[in-house]
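> 3D, please:
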Amino acid sequence: MVGEGRKIGMFACLLTTHPSELGGKILSQMGNQIIGKTTDKEDIEYLVNMAGTSNALPSLAIGEWIVNGIEANRPMKMHVSWIKI
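Numbers count the residues shown, from 1 in each chain. Down below sits the predicted model:
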């Protein structure tokens, strides 16, 4: 279904706390991924190819994300800081 929308120029943004519920077929259709900390073994199995390693996912700190996408040579760790004004 997501793949059919891409053919006609539609974009989808999927947010979930359990990526394994979406299934591997849907996740493989996403051009870019931003992945946060997860310790669920089933979710890690689905995300390991996108994140580059399963060890990184449970050890991410608050504000750390793994970013991967079509244009990226490899998954990158990113840290986002929030400043309250």
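> CA-only coordinates of the longest strand belonging to the chain in PDB, if you can.
Among the segments of the chain that qualify as a strand by DSSP state E, the longest is strand 64-69. The C-alpha coordinates for strand 64-69 follow below in PDB (Å, rounded to 0.1, in the frame of the first residue of the first chain):
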ATOM      1  CA  GLU A  64      20.200  10.400  20.700                       C
ATOM      2  CA  TRP A  65      18.800   9.000  17.400                       C
ATOM      3  CA  ILE A  66      20.000   6.700  14.600                       C
ATOM      4  CA  VAL A  67      19.300   8.400  11.300                       C
ATOM      5  CA  ASN A  68      19.400   6.400   8.000                       C
ATOM      6  CA  GLY A  69      18.000   6.900   4.600                       C
END
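> what about it, distance to the chain center?
From the chain centre to the centre of strand 64-69 is a distance of 7 Å (C-alpha atoms, centre = their mean, to the nearest Å).
> what does that strand rub up against?
Contacts with strand 64-69, where a contact means C-beta atoms under 8 Å, 6 or more residues apart in numbering, come from 31-37, 50-52, 56-57, 60, 74-80. (Glycine included, C-beta is placed from N, CA and C.)
> neighbouring contacts of the helix or strand following that strand?
Later in the chain than strand 64-69, the nearest helix or strand by DSSP states H and E is strand 76-79. Residues from elsewhere that reach strand 76-79 (C-beta under 8 Å, 6+ apart): 56, 60-61, 63-68.
> Of the residues you listed, which is the nearest to Leu14?
Using C-beta to C-beta, Asn68 is the member of those that sits closest to Leu14, with 14.5 Å.
> Give me the neighbour count for the closest one.
For Asn68, the count of nearby residues is 22 (other C-beta atoms under 10 Å).
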